[in-house]
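Asks: This is the structure alone, sequence omitted:
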């Protein structure tokens, strides 16, 4: 599957919404789960960032092993992102669907400054380690990993991840497996 086919599959699965977890959680709440890995409010040190990256990989491996996935990154703020981990993966700039730009309008001071990169990869444990570390350190913009075969997506952020798992039984198993990483229900998301 090439990048354009995978982006088209994303468009179909997520109703044209951009691959940004905090936005998808509102339009796809029925399939959404948030995992939190570290305390909020402070940037992770190197050891915490490595732990976060390891946890991203653990969760992604439970969702995607053996599948071809789309890795897509969205840089919303110019000058803030280092895309070297994505380029090393083979990601190249893409032209986003118009629906992504429209949905991100409130987050983009200038839509012309947004940059989008994507690649398709065959998922295996450890294949995105450099990307995960960059996300944990907030060195790159928003990243999403999407499996066109299942519709499932992982949208990591510096301290956790938004998961979108379509099969109810699979979603329940993920919740059981990662229950220690679920947020405290008494605290707002």
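Replies: Yep, that arrived. Here the structure is a predicted model, which means the values were calculated and not measured. Numbers count the residues shown, from 1 in each chain.
Asks: quick one, what contacts residue 147?
Replies: Residues near residue 147 by Cβ atoms under 8 Å, 6 or more residues apart in numbering: 63-64, 67-70, 123, 153. C-beta here means a position set from N, CA and C on the backbone, and glycine is covered the same way.
Asks: quick one: it and residue 105, what's the gap?
Replies: Distance of residue 147 to residue 105, given as Cβ to Cβ, to the nearest Å: 28 Å.
Asks: Please apply the same query to residue 175.
Replies: Separation of residue 175 from residue 105 (Cβ to Cβ): 33 Å.
Asks: of those two, who's got more company?
Replies: residue 175 (15 against 9; other Cβ atoms under 10 Å).
Asks: And the more buried one, which helix or strand is it part of?
Replies: Taking DSSP states H and E as the definition, residue 175 sits inside helix 168-177.
Asks: ok, now residue 100?
Replies: For residue 100, the host element (DSSP H and E) is helix 98-104.
Asks: buried set for the helix or strand just after that helix?
Replies: Next helix or strand after helix 98-104 toward the C-terminus (DSSP H and E): strand 115-122. Residues of strand 115-122 classed as buried: 115-121 (neighbour count, 16 or more other Cβ atoms under 10 Å).
Asks: From the chain's centroid, how far away is strand 115-122?
Replies: Put simply, strand 115-122 sits 11 Å off its chain's centre (Cα atoms, centre = their mean, to the nearest Å).
Asks: For the helix or strand containing residue 8, what does the pLDDT average out to?
Replies: Using DSSP H and E, the element containing residue 8 is helix 3-13. Helix 3-13 comes out with an average pLDDT of 96.
Asks: Equivalent analysis for stretch 84-96, please.
Replies: For stretch 84-96, the per-residue pLDDT averages 89.
Asks: Could you tell me how many residues sit around the nearest residue to residue 6 once chain neighbours are set aside?
Replies: Closest residue to residue 6 apart from its sequence neighbours, by Cβ to Cβ, 6 or more residues apart in numbering: residue 70 at 3.6 Å. Each residue near residue 70 was counted by other Cβ under 10 Å, and the total is 23.
Asks: pLDDT score assigned to residue 70?
Replies: You'll see residue 70 listed with a pLDDT of 97.
Asks: Phi, psi for it please.
Replies: Dihedral angles of residue 70 (phi, psi; degrees, to the nearest 10) stand at phi -100, psi 130.
Asks: Just list whatever residues bridge to it.
Replies: residue 120, residue 146 (DSSP bridges).
Asks: wait, it sits on residue 146?
Replies: Yes: in this structure, residue 70 is within contact of residue 146 by Cβ atoms under 8 Å, at 4.5 Å.
Asks: Name the residues contacting each of those two.
Replies: 6, 9-10.
Asks: Same list (those residues) but as CSV, adding neighbour count.
Replies: As requested, the shared contacts of residue 70 and residue 146 are exported to CSV (neighbours: other Cβ atoms under 10 Å):
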residue, neighbour count
6, 21
9, 17
10, 23
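Asks: Many thanks, we can stop here.
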